[in-house]
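Colleague: need a structure here:
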Amino acid sequence: MSVKQLLPGQLPFSEGSADSENASQRENCISVSGLFKSYGELSVLSALSFSVEVGEICCLMGPSGSGKTTLFRILMGLEEADSGRISVPARLGAVFQENRLIEHLSPIENVRLVMAPGPKAEQKKQIASALCEILPAECLGRPAHTLSGGMKRRLAAARALLSDCDALIMDEPFSGLDGDTKHQVIRFIEKYRNSRPLLLSTHTPEDAALLHARVLSF
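Modeller: Numbering: from 1, shown residues only. This is a model prediction of the structure:
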């Protein structure tokens, strides 16, 4: 896995390719070029440039307050950069620092909301089969508010990975998980990412190593 570094202002992809598959892959990449963001006199992002292509995983690593969450919010359209250029697919799956589940719905229904339309019974069967790899089967029909914090975190990750999206952004997806449940999520990522570009943040170098990811230090 790799992350390609760009110079400020450099185009992330060469022009002139007529191959439709390559064009589709370019559209599904995450790219950032010459990005700046400040809050008053506090500079958070300065000339940040990188891209994550189809099939790649990038781990952002840095202390709290280094700008990782700000970058994610910009990529998701929740904040505006001061200057620079970003390109993300229209269909972006995300795990926020908060789980952002629909608390009165079951894990199965939380996932079904972000999937492409399909036969309800068949979808629920497929979702249940996948979620059993990461959650106890007996909790799949209960409201999400009855789950433990660790279960909610795993569900948030599973929901993003099972969603009908073209790229993934995960802000501290392993937060609050112990070693065993973290490895469950990592295996789930490996199985269900389906070569989609993945940009995630973590404080632990081991996480990047387990995911065979390139590290981008903040």
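
Colleague: Going by residue numbers, what spans are helices in the chain?
Modeller: 20-27, 68-75, 107-112, 120-131, 149-161, 179-192, 205-210 (DSSP state H).

Colleague: what helices or strands is the second one leaning on?
Modeller: This means helix 68-75. For helix 68-75, the packing partners by 3 or more C-beta pairs under 8 Å, 6 or more residues apart in numbering; DSSP states H and E come out as strand 30-39, strand 42-52, strand 167-171, strand 198-202. Every C-beta, even on glycine, is put in place using the N, C-alpha and C of the backbone.

Colleague: CA atoms only for the third one, dumped as CSV, please.
Modeller: Once non-C-alpha atoms are left out, strand 167-171 reads as follows in CSV (Å, rounded to 0.1, in the frame of the first residue of the first chain):
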residue,chain,number,x,y,z
ALA,A,167,-14.0,5.6,-0.7
LEU,A,168,-13.7,5.4,3.1
ILE,A,169,-12.6,7.9,5.8
MET,A,170,-12.3,6.6,9.4
ASP,A,171,-11.5,9.0,12.3
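
Colleague: elements contacting that strand?
Modeller: On a contact count with 3+ C-beta pairs under 8 Å, 6+ apart, strand 167-171 meets helix 68-75, strand 92-95, helix 149-161, strand 198-202.

Colleague: hmm, who's touching the first one?
Modeller: Going back to what we said before, that points to helix 68-75. Helix 68-75 is contacted from outside by 30, 32, 35, 37, 44-45, 48, 60, 62, 79-81, 86, 88, 92, 94, 96-97, 169, 171, 199, 201, 218, using C-beta atoms under 8 Å, 6 or more residues apart in numbering.

Colleague: mind running it again at 10 Å?
Modeller: Defining contact as C-beta atoms under 10 Å, 6 or more residues apart in numbering, one finds that helix 68-75 is touched by 30, 32, 35, 37, 39, 44-45, 48, 50, 60-62, 67, 78-82, 84, 86-88, 92, 94-97, 167, 169-172, 199-203, 216, 218.

Colleague: Report the buried members of these.
Modeller: Neighbour counting with 16 or more other C-beta atoms under 10 Å marks 30, 32, 35, 37, 44-45, 48, 50, 60-61, 67, 81, 84, 86-88, 92, 94-96, 167, 169-172, 199-202, 216 as buried within the contacts of helix 68-75.

Colleague: Run through the residues that contact the spatially most central residue of the chain.
Modeller: The centroid of the chain falls nearest to residue 169 when counting by C-alpha atoms, centre = their mean (2.0 Å). Counting by C-beta under 10 Å, 6+ apart, residue 169 touches 30, 52, 60, 71-73, 75-76, 88, 92-96, 160, 197-201.

Colleague: Bridged to it, which residues?
Modeller: Residue 169 forms beta bridges with residue 94, residue 199, as assigned by DSSP bridges.

Colleague: where's it relative to residue 218, distance?
Modeller: Residue 169 sits 15 Å away from residue 218, going by C-beta to C-beta, to the nearest Å.

Colleague: Low-confidence regions, this structure specifically.
Modeller: Within the chain, the ranges that satisfy pLDDT under 70 run 1-26.

Colleague: try 80
Modeller: 1-27 (pLDDT under 80).

Colleague: now the helices of the chain in TSV, with distance to residue 142 and mean neighbour count?
Modeller: Below are these laid out as TSV (distance: least, C-beta to C-beta, whole Å; neighbours: other C-beta atoms under 10 Å):
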stretch	distance to residue 142	mean neighbour count
helix 20-27	39	13
helix 68-75	30	22
helix 107-112	8	22
helix 120-131	12	15
helix 149-161	10	23
helix 179-192	18	16
helix 205-210	29	15
